[in-house]
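Peer 1: Fold the following for me, if possible:
(chains A and B)
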Amino acid sequence: MGESILKKRAGIEKQVDEFMDRVSEAGLLCKNGMESYLKGNMEAFAQAMTSIRETEHKGDALRRSIEQDLFTKTLIPESRGDVMELLEDMDALLDRLTGLIWQFEIERPDICPEFHDDFKELLHYSVESVEADVRSCRAFFKDIHAVNDHIHKVSFWEKESDKVSTRLQRAIFRRQDLHLSHKMHLRFFAKQVDRIADEAEDVADRLNIYVIKRML
Amino acid sequence: MFAIFLTSGLFLGWSLGANDAANVFGTAVGTRMISFRKAAIVCGIFVIFGAVISGAGAAKTLGELGAVNAIAGAFVVALAAAVTVYWLTVLGYPVSTTQAIVGAIIGWDLFSGALIDFGALEKIVLSWFISPILAAIFSALLYKVIAYGIKYARIHMFSLDALTRSGLLLAGIAGAYSLGANNISNVVGIFVPISPLSDISFLGWFKLNAAQQLFLLGGVSIAVGTFTYGKKVMLTVGEGITEMSPVAAFVAVLANAIVLFLFASQNLQAFLLGHGLPAFPLVPVSSSQAIVGSVIGIGLIKGGRGIRWRVLGEISMAWIATPIVAVLISFISLFILQNVFQQKTYIPVEYQITAMAELRIREAGIPVDSLADIRAKTYPTAAQFQKAVSQRMALSAREINVVMAATEIDRTMVTSDAVKRANGSALKDDQKRALRKLWGKTFEHRWQLEKALAEASPEWRVKPGDKEQSNEVLRDLDYVYRLIRASE
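Peer 2: Next up, the predicted model:
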């Protein structure tokens, strides 16, 4: 009996790990996709888009399966609600990364070459903040005392991303040769990328509370 | 008539199941680690196993109610205890069923003029303090150790969940088994010697004797009590006193079990002393009170802010109310049964310093010269006789016990019916032969019967130093005595 319970738990532990892998993977695919787009390699961009869509589907399926297990097997009654919210939050981040690539595909923004590096740097920081979130979440499940080591990094990357975002938007609006509509379009994309880091920070803040609740 | 008398025992079993299952599964259900339904089913099954398999081997088969010498009286005493526990269960407080029974017996003592067991009263009062304090200390220490272990073992949240759940279930199973084994004698023990039931064989490979059938019935009543009414008290223990994590819930039941094992287990003490090791002192510990202490211990180690002191205050009042209410209900019910329904609720026990009794007292090294003026005088109750003795000489508690036991008039005759019923029982053949030798003989005092049996067979002799053997002989003597009484 004990063995089968442990097996079931090993199953859900694996699912949680896989779900986190998908979130992490989405960050890397998003970076690849945007780099391909900036390079004008639309074939590679389309490939990244297909991959990130698959990743998102897998992530959704895993989240649903984990949530179903949590309720049908009445697991971790003391933290079930918190874990559910955490998974929803991480899934929202995954969706946002996927959504960004889709927005590139739909709107095809015309990004001037001089902004390429800033866009790449901005996305790098946002993806790093998501990565730090993923590490915090893994620690939340495996080694709760180590969560804080990762959470503070989320804030660090978010601040870096804020700096780049401000710098980038300023540079965009300083350009005299661009139409206002073009500037606003670029600003929209800069903010979309920056928002990923903001949301990652919100997730980390909530995670911090879940940790405190579990330590009580 | 037997069936009617048995109903109060079964009602007591039902109340016990509704209340005491919380000691075992309260924290698991309160933290939602085990559903109430699952807990009630598991608890019920293992209570029945404990009752049928180990209940018959318990040292005091007759239970506390064995002190009541008339079956109608035992009926009322069990009923009074059951009503008390039922009332406190409805209110949702974990209370000790044994303490309710002891209280109801004191009501009977008062009514019948028997001596009140002040030792038992003292034990109850002591257990109100000792049980929660010991359990709180153990649970706080254990919680620290386990929390430290979890921190450094880096166990995954879901594995920890699985381990805790399995731990709670196993502890619950063990607790339910011992709940059945230790309490069944209080529920049906008194009815075993007067049971008209005969052995039942199931297809020749499984046999239940009369006692086991009664124990099964009692076990079922405990299980039904847990299932139908156990949830409220479980939630008081599991979430009413303080909010608990599942690990804390496990620590609480573990601390409860350890305290009961270390400080209330005669077997452990005998084992340690037998191997020349220092033993833990045996102190009165009640599981119902220890589990509350365990929960408090965890609340305190977390800073004490989460403890609901108002609930604790109410629980303490319920503990104090348990024996007091049981005394009152028992006394009033006995009065009604005796005077309105004309039932014999006690057999009057007279005391007299007979020549044989005097000899026995002298043999024990107690001078009885100062009692010369009351020699051969009959006293109608123990209380009156004890008063007469204490006016004439100062005796220690042990000496009083010797004098009371020696002078108690208890005329018995070994009838053919008693011999026949003993032949069909689980007594040893040598013991049965010894009883047959005494057929037709009459005795003035109970100790004379016991002495005659001891002289007739070594199987009836208590071996000094062998606690298990002496407990067994005392239990068998009690059984035979009741058989003789029931067959007169």
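Peer 1: Can you give me every residue that contacts the residue in the stretch 351-488 of chain B positioned nearest to chain A?
Peer 2: Nearest to chain A, among the residues of the stretch 351-488 of chain B, is B:E468, at 33.8 Å (C-beta to the nearest C-beta). C-beta: built from backbone N, CA, C; applies to glycine. Going by C-beta atoms under 8 Å, 6 or more residues apart in numbering or on different chains, B:E468 touches B:A270.
Peer 1: Alpha carbons only: can I get the helix or strand where it lies in CSV?
Peer 2: Element membership of B:E468 [criterion: DSSP states H and E] is helix B:467-487. Extracted C-alpha coordinates of helix B:467-487, given in CSV (Å, rounded to 0.1, in the frame of the first residue of the first chain):
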residue,chain,number,x,y,z
LYS,B,467,3.5,-10.5,37.0
GLU,B,468,2.0,-12.0,33.9
GLN,B,469,1.2,-15.3,35.6
SER,B,470,-0.3,-13.6,38.7
ASN,B,471,-2.5,-11.3,36.5
GLU,B,472,-3.7,-14.4,34.7
VAL,B,473,-4.5,-16.3,37.9
LEU,B,474,-6.3,-13.2,39.4
ARG,B,475,-8.3,-12.9,36.2
ASP,B,476,-9.3,-16.6,36.3
LEU,B,477,-10.1,-16.3,40.0
ASP,B,478,-12.4,-13.4,39.2
TYR,B,479,-14.0,-15.3,36.4
VAL,B,480,-14.7,-18.4,38.6
TYR,B,481,-16.0,-16.3,41.4
ARG,B,482,-18.5,-14.7,39.0
LEU,B,483,-19.5,-18.0,37.6
ILE,B,484,-20.2,-19.3,41.1
ARG,B,485,-22.2,-16.1,41.9
ALA,B,486,-24.1,-16.3,38.7
SER,B,487,-25.0,-20.0,39.2
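Peer 1: chain center to that helix: distance?
Peer 2: Averaged C-alpha coordinates place helix B:467-487 at 17 Å from its chain's average position (C-alpha atoms, centre = their mean, to the nearest Å).
Peer 1: buried set for that helix?
Peer 2: Burial within helix B:467-487, assessed by neighbour count using 16 or more other C-beta atoms under 10 Å in any protein chain shown, is assigned to B:467, B:471-473, B:475-485, B:487.
Peer 1: How about stretch A:74-91?
Peer 2: Within stretch A:74-91, the residues that count as buried by 16+ other C-beta under 10 Å are A:74-80, A:82-83, A:86-87, A:89-91.
Peer 1: roughly how far out does that stretch sit from the chain middle?
Peer 2: On C-alpha atoms, centre = their mean, the centre of stretch A:74-91 falls 18 Å from the chain's centre.
Peer 1: Then stretch B:130-142?
Peer 2: Chain-centre distance of stretch B:130-142: 23 Å, with C-alpha atoms, centre = their mean.
Peer 1: Quick check: mean pLDDT of that stretch?
Peer 2: Within the predicted structure, the mean pLDDT of stretch B:130-142 is 91.
Peer 1: Show residues contacting it.
Peer 2: Stretch B:130-142 has contacts (C-beta under 8 Å, 6+ apart) with B:251-252, B:254-256, B:258-259, B:263, B:283-287, B:289-298, B:300-301.
Peer 1: now do 7 Å
Peer 2: Stretch B:130-142 is contacted by residues B:251-252, B:254-256, B:258-259, B:263, B:283-286, B:289-290, B:292-294, B:296-298, B:300-301 when judged by C-beta atoms under 7 Å, 6 or more residues apart in numbering or on different chains.
Peer 1: can you check stretch B:452-460 too?
Peer 2: Identification of contacts with stretch B:452-460 by C-beta under 7 Å, 6+ apart yields B:K428, B:D430, B:Q431, B:R433, B:A434, B:L435, B:K437, B:L438, B:R461, B:V473.
Peer 1: what ranges do the strands span in chain A?
Peer 2: With strands called from DSSP state E, chain A shows none.
Peer 1: Next one: A:V16 from chain B, what distance?
Peer 2: Distance of A:V16 to chain B, computed by C-beta to the nearest C-beta, to the nearest Å: 8 Å.
Peer 1: Give the burial count for that residue, as a bare number.
Peer 2: 26 (other C-beta atoms under 10 Å in any protein chain shown).
Peer 1: That'll do, ta.
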